[in-house]
Each structure stands twice: as structure tokens, then as C-alpha cells.
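**Student:** here is a sequence together with a model predicted from it:
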Amino acid sequence: MKKVVSLLLVVVALVAFNSCKKSETPEAVADKYLKAIGQMKFDEAKTLVTEESKPTIDFMVQMSTMGGEEAKKAAATAKIEIKDMKCETKGDASDCVCKVNDGKKEEETKLHLVKKDGKWLVEQKKEGGAPTETAPADSTKTEVAPVAEETKTEVKK
């Protein structure tokens with residue numbers, strides 16, 4: 001009986017060790033992140049991104065409220081399938097490309113991950129935002145094209 005228990009403990013320890021090791025790869029983090037986003041599990045997704053990327057998740061939360069309760073329910077039960085995950089890792093950065101299938105459509109997705117404090121995190125900054133330094137357009141202003149002036153002045157000596 002003791003041998004069976006000991007063997008069982010060794011097997012459990014090996015499985016736990018291997019699963020922890022796998023979860024530290026860029027591929028595993030990207031997979032978890034994409035599934036969390038696809039199922040609108042934004043709190044989980046926030047644990048997988050850099051501090052600079054958290055405002056992007058907050059923006060996603062705001063956008064998800066527009067879909068209503070039906071969209072949230074559908075996303076919660078969605079079976080997100082990640083295919084052909086390929087990551088190119090150089091030092092503390094990794095660029096991953098894969099196909100994400102949410103049951104309705106399949107799209108190619110690219111993610112950039114960075115290693116911070118020994119942990120792989122998705123770095124996804126907010127896209128499509130207007131630059132903060134640009135002044136807003138004035139809709140009442142009318143542009144007038146400059147008129148070319150040709151003047152010839154003869155100088156007599």
C-alpha cells in the first residue's frame with residue numbers, strides 16, 4: 001500500500017512540475033490570454049499583460065458592455081480554439097502568430113510578449129487612439145488656397 005501511495009505522489013509531482021513548466025512559455029501565455037479575451041474573462045486577461053497594457057483591457061471591458069447580456073453569455077460559453085501557434089523568441093521578447101477560431105470565424109492574430117521578472121506577459125497597447133498632442137479639427141474653419149503672385153519688376157541701371 002505504501003508503494004502505491006509513494007508512486008502516486010511521484011506521478012502527481014511530475015505532472016504538477018511539467019504543467020508549471022509549460023505554463024511559463026510564450027505559447028502557453030498567449031493561448032491563455034486569447035481564450036480569456038474570447039470568453040470576456042477580462043480579470044484573468046489582466047493578469048497576463050504588462051502594466052502598460054492594462055488600459056487596453058479596461059477599454060475592452062467598456063466595449064464589451066455595448067453587446068449586452070446576451071453577448072456576455074455567448075462569450076462565456078464560447079469554445080475558443082487556438083491553432084498553429086508559432087512564437088519567435090529573442091531574449092526577453094517573443095512575437096507569436098496563430099489562428100483564433102471562436103466558432104463563427106477564424107482570424108489570424110499576432111501578439112507581442114515580453115519577459116518581466118521571469119514571467120511572460122502580453123504587451124498589447126491601445127490601438128487606434130488619437131494622438132494626445134494633436135489639436136482637434138475646427139469644423140467651422142475654411143481653407144483658402146494661397147494665390148500665386150507673379151510680379152515682374154524691371155530694374156534699370
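**Tutor:** Happy to help now that I have it.
**Student:** could you export stretch 82-92 as CSV, keeping only the C-alpha atoms?
**Tutor:** Taking Å, rounded to 0.1, in the frame of the first residue of the first chain, the C-alpha atoms of stretch 82-92 are listed here in CSV:
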residue,chain,number,x,y,z
ILE,A,82,-6.2,28.4,-30.9
LYS,A,83,-4.5,26.8,-34.0
ASP,A,84,-1.0,26.9,-35.4
MET,A,85,0.7,28.8,-32.6
LYS,A,86,4.2,29.9,-33.6
CYS,A,87,6.3,32.1,-31.4
GLU,A,88,9.7,33.6,-32.4
THR,A,89,11.6,34.3,-29.2
LYS,A,90,14.7,36.5,-29.0
GLY,A,91,15.9,37.2,-25.5
ASP,A,92,13.1,38.7,-23.4
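**Student:** burial check on A78, number of neighbours?
**Tutor:** Other residues within reach of A78, judged by other CB atoms under 10 Å, total 15. C-betas here are computed from N, CA, C, even on glycine.
**Student:** name all residues that make contact with it.
**Tutor:** G38, Q39, D102, G103 (CB atoms under 8 Å, 6 or more residues apart in numbering).
**Student:** can you give me the pLDDT of it?
**Tutor:** Note for A78: predicted pLDDT of 79.
**Student:** quick check: the gap between it and K105.
**Tutor:** Look at A78 and K105: by CB to CB, to the nearest Å, they are 12 Å apart.
**Student:** re earlier: okay, the contacts of A78 in CSV with pLDDT, distance to L113 and neighbour count next?
**Tutor:** Below are these laid out as CSV (pLDDT from 0 to 100; distance: CB to CB, whole Å; neighbours: other CB atoms under 10 Å):
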residue, pLDDT, distance to L113, neighbour count
G38, 91, 17, 19
Q39, 91, 20, 19
D102, 86, 21, 16
G103, 84, 25, 12
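**Student:** of those, which belong to helices?
**Tutor:** G38 (DSSP state H).
**Student:** which of the contacts of A78 sit farthest apart?
**Tutor:** Across the contacts of A78, no pair lies farther apart than Q39 and G103, at 11.4 Å, counting by CB to CB.
**Student:** surely K35 touches I82?
**Tutor:** Yes - the pair K35 and I82 qualifies as a contact (CB atoms under 8 Å) at a distance of 7.0 Å.
**Student:** is T65 in a helix, a strand, or coil?
**Tutor:** helix (DSSP: H, G, I helix; E, B strand; the rest coil).
**Student:** what sits against it?
**Tutor:** Applying CB under 8 Å, 6+ apart, no residues qualify as near T65.
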